[in-house]
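Visitor: generate coordinates for the sequence data below:
(chains A and B)
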Amino acid sequence: MTEIAKRKIINTFALSLACAAAALGLFWLIFILADVLRHGIAFITPELFLNEAAPPGMEGGGLKHAFIGQLLITFFAVLIGIPLGILGGTYLAEYGRHPWLGRFISTLSDIMISVPSIVIGTFVYAIFVKPIGHFSGYAGALALAIIMIPVVLRTTEEMIALVPWEIREAAFALGAPYYKVILQVVYRGAATGIFTGILLAIARIAGETAPLLFTSFNNMFLTTNMNEPMPSLTVTIYQYAMGPYDDWHEMAWAASFVITLFILGLTILGRIIIRWKYKH
Amino acid sequence: MASTIKREQTLDKLFSTITFSAAFLVLAIIVSIFASLFKESLTAIETFGFFGFISSTAWDPVREVFGAATTLYGTLVTTLLALALAIPVSLGIAVFLTELCPKFLKPIFGTAIELLAAIPSIIYGMWGLFTFAPLMGEYVEPLLQDIFGPIPIIGQLFSGVPLGIDILTTSIILSIMITPFIASIVRDTFNLTPVQLKESAYGIGATRWEVIKDVIIPHSKAGIFGSVIIAMGRALGETMAVAFVLGNKHAIATSLFDASATITVSLANEFTEADSDLYLSSLFYLALILLAMNFLLLAIAKTFLARKKKV
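Guide: So this is what the prediction gives:
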């Protein structure tokens, strides 16, 4: 065999392996999504959304309590996390562009994004749950907010940095003070990007389970009191999946289906907005 | 007029102070996470010390003797196995995305791989427990046992009763979860390879694979290394997917088909059940060790990725 033929064969072989790797990645995605769809869709019934949990082993229960708990916890997490993230990102992109502290905090946020979420859970347990003596919806929201802050902060910083400096100068020339330039000019220019960042941050916390295990804990009953232990979809999935009853497993699949659909929907929406906005 | 200017200046100062406080909060949160975890682990630190804790394989809530060796071992073994499985696949995906994929398919395929990262870990857990683990236990693992079992030494890795709830299943699921992270960072660094370099290699007659192997990959070394470290941090801290399929057994496993425990799984399963101060404190100690490992890894990755950007 000539040297060239040998190299060509190696080339074809290696590139086929790369294609196989890509096919494998796609295979897992389709396998997992199809599996969640197949198991989940059969159990999406009106009762799932309208009924509360039935006593263990009895038919006819639903997950209304978990849906409402999930919404409340997420709502409060968004309420705390998003303003703080946006303001922090504003500082880093506007006032703190040059000082070393700004760059340091920016790097630190990147690292914080990767801190294991269960560690955040133990932290909130130590500073919030333990002092007040019981699990609560607020504690869960706080844990999720802490996870959100660095995500929103970094996207805000990047999106604001994309707003051309000349636009600010035009506003300065009209005599506008810096805070007005930021509030009325910069935020408007970066609005779509920041909004997308918020969508992706919500997608990120919607599937979080570990930080809720010892903060909001769980509850088999419907509650709207954020100061009580509060059920969430994800912790309920964990509890039901590990439980012994078939109808628990069915509801866990149905809840998984809803959550997956919600998160993938948000993620895809975010990508579409980014592509549409920053294509040019 | 003067008073308006004065008022605007005050508001300006106020706004910059507010935004500064919000940014500073990140630093404050990180410092308080370390501080509070350290404070909560103090009882365990005083009782077991550092080297005593990480080298002890004991985990006995009844006699109140705790050590981190079994969970650290489980964490490291599953993480390293997951990396070993994920790195070649991710590099293949990155090569496919940058060099082979037809242009119109690129955004679709790229998004598909990123969706793999968006699926929450609890879904990986559900799928792992109800679909993947039974498949592994029934078909894949007995097959592997038939092939490798008779070989001396290696056979030990495939001994035991294959149930599917074990280190191998966990590592495969972890590898699927971290693949998109490595692939997307590596793709971006591959794209940074100067076209002139690639073309000069093509010009002297290199095949496409030789260009990838001898030009693109060496040029992207820092990025590949950084992405692997980030993925490692991710795998170390992964909780829910692992909690479903690893079995939470505090023992040093010698077979891929053994159940094991990681730091995260111990925390998830035992934290709310810890009935003594020392037990809870030991769990906080585990969390602190995990946090420290994770932080260190990410800091290393950041320096590597930053160096790449500067060039």
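
Visitor: so what's A:Met112 up against?
Guide: A:149-150, B:26, B:29-30 (CB atoms under 8 Å, 6 or more residues apart in numbering or on different chains). Backbone N, C-alpha and C define where each C-beta goes, glycine included.

Visitor: make it 7 Å
Guide: Residues near A:Met112 by CB atoms under 7 Å, 6 or more residues apart in numbering or on different chains: A:150, B:26, B:30.

Visitor: ok, which stretches of the stretch 1-150 of chain A are helices?
Guide: A:3-41, A:46-50, A:64-90, A:100-113, A:117-124, A:130-132, A:137-161 (DSSP state H, counting those that start in this stretch).

Visitor: please apply the same query to the stretch 151-300 of chain B.
Guide: Going by DSSP H, counting those that start in this stretch, the stretch 151-300 of chain B shows helices at B:154-157, B:167-191, B:195-203, B:208-211, B:217-219, B:221-237, B:240-245, B:263-270, B:277-310.

Visitor: now the last one, how far from the centre of its chain.
Guide: Once both centres are worked out by CA atoms, centre = their mean, to the nearest Å, helix B:277-310 turns out to sit 11 Å from its chain's centre.

Visitor: now that helix: average pLDDT?
Guide: Averaging pLDDT along helix B:277-310 yields 88.

Visitor: who does that helix touch, helix- and strand-wise?
Guide: Applying 3 or more CB pairs under 7 Å, 6 or more residues apart in numbering or on different chains; DSSP states H and E, we find helix B:277-310 packed against helix A:100-113, helix A:117-124, helix B:2-48, helix B:221-237, helix B:263-270.

Visitor: any idea of the mean pLDDT for the helix or strand following the third one?
Guide: Meaning helix B:2-48. Next in sequence after helix B:2-48, counting helices and strands by DSSP states H and E, comes helix B:51-55. In this model, helix B:51-55 carries a mean pLDDT of 93.

Visitor: packing partners for helix B:51-55?
Guide: Secondary elements touching helix B:51-55 (3+ CB pairs under 7 Å, 6+ apart): helix B:69-95.

Visitor: tilt between the helix it packs on and helix B:221-237?
Guide: Interaxial angle, helix B:69-95 versus helix B:221-237 (axes from the mean of the first three to the mean of the last three CA atoms, to 10 degrees): 140 degrees.

Visitor: name the residues of helix B:69-95 that are buried.
Guide: B:69-79, B:81-83, B:85-87, B:89-95 (16 or more other CB atoms under 10 Å in any protein chain shown).

Visitor: and the stretch 51-200 of chain B, which residues reach chain A?
Guide: B:89, B:92-93, B:95-96, B:100, B:111-113, B:115-116, B:118-120, B:122-123, B:126-127, B:129, B:131, B:176, B:179 (CB under 7 Å from any CB of the partner chain).

Visitor: okay, buried residues for stretch B:117-136 please.
Guide: Of the residues in stretch B:117-136, those buried (16+ other CB under 10 Å) are B:118-133, B:136.

Visitor: I'd like to know how many residues surround the residue in the stretch 201-311 of chain B positioned nearest to chain A.
Guide: Nearest residue of the stretch 201-311 of chain B to chain A (CB to the nearest CB) works out as B:Gly237 at 2.5 Å. For B:Gly237, the count of nearby residues is 25 (other CB atoms under 10 Å in any protein chain shown).

Visitor: for the nearest residue to it once chain neighbours are set aside, list the residues it contacts.
Guide: Leaving out its chain neighbours, the residue that sits closest to B:Gly237 by CB to CB, 6 or more residues apart in numbering or on different chains is A:Pro116, at 2.5 Å. Neighbouring residues of A:Pro116 by CB under 7 Å, 6+ apart: B:237, B:239, B:264, B:290, B:294.

Visitor: so what pLDDT did A:Pro116 get?
Guide: The predicted local confidence for A:Pro116 is 95.

Visitor: check the one 4 residues further on too.
Guide: Model confidence at A:Ile120, expressed as pLDDT, equals 96.

Visitor: which ones are touching it?
Guide: Taking CB under 7 Å, 6+ apart, one finds A:143, A:146-147, A:211 in contact with A:Ile120.

Visitor: and the two most separated of those residues?
Guide: Across the contacts of A:Ile120, the longest distance by CB to CB is 8.1 Å; it joins A:Ile146 and A:Pro211.

Visitor: those two: which is more packed in?
Guide: Applying other CB under 10 Å to A:Ile146 and A:Pro211 shows that A:Pro211 carries more neighbours, namely 29 against 26.

Visitor: so that one is in contact with A:Val119, correct?
Guide: No. Using CB atoms under 7 Å, A:Pro211 makes no contact with A:Val119, being 8.5 Å away.

Visitor: what about the spatially most central residue of chain A, distance to chain B?
Guide: Centroid-nearest residue in chain A: A:Arg204, 1.1 Å away (criterion: CA atoms, centre = their mean). Distance of A:Arg204 to chain B, given as CB to the nearest CB, to the nearest Å: 8 Å.

Visitor: how about the secondary structure of that residue?
Guide: helix (DSSP: H, G, I helix; E, B strand; the rest coil).

Visitor: residue contacts, the closest residue to it other than its chain neighbours?
Guide: Nearest non-adjacent residue to A:Arg204, counting by CB to CB, 6+ apart: A:Val151, 6.1 Å away. Residues in contact with A:Val151 (CB under 7 Å, 6+ apart) are A:113, A:201, A:204.

Visitor: from the contact counts, what lies against the lowest-mean-pLDDT helix or strand in chain A?
Guide: Here the helix or strand of chain A ranked lowest by mean pLDDT, DSSP states H and E is helix A:46-50, holding a mean of 85. Judged by 3+ CB pairs under 7 Å, 6+ apart, helix A:46-50 is in contact with helix A:64-90.

Visitor: ok, the helix it packs on near chain B or not?
Guide: Yes. Counting by CB under 7 Å from any CB, chain B is contacted by helix A:64-90 at A:84, A:87-88, A:90.

Visitor: how about the residues of the stretch 151-280 of chain A near chain B?
Guide: A:153, A:177-179, A:203, A:207, A:209-210, A:213-214, A:234, A:237-238, A:241, A:252-253, A:256, A:259-260, A:263-264, A:267, A:271.

Visitor: so of those residues, which ones are in strands?
Guide: Within these, no residue falls in strands by DSSP state E.

Visitor: name the spans of chain B whose pLDDT lies under the cut-off.
Guide: B:1-2, B:307-311 (pLDDT under 70).

Visitor: what about the closest residue to A:Gly207 other than its chain neighbours, distance to A:Leu15?
Guide: Leaving aside its chain neighbours, A:Gly207 sits nearest to B:Pro120 (2.4 Å; criterion: CB to CB, 6+ apart). Distance of B:Pro120 to A:Leu15, computed by CB to CB, to the nearest Å: 34 Å.
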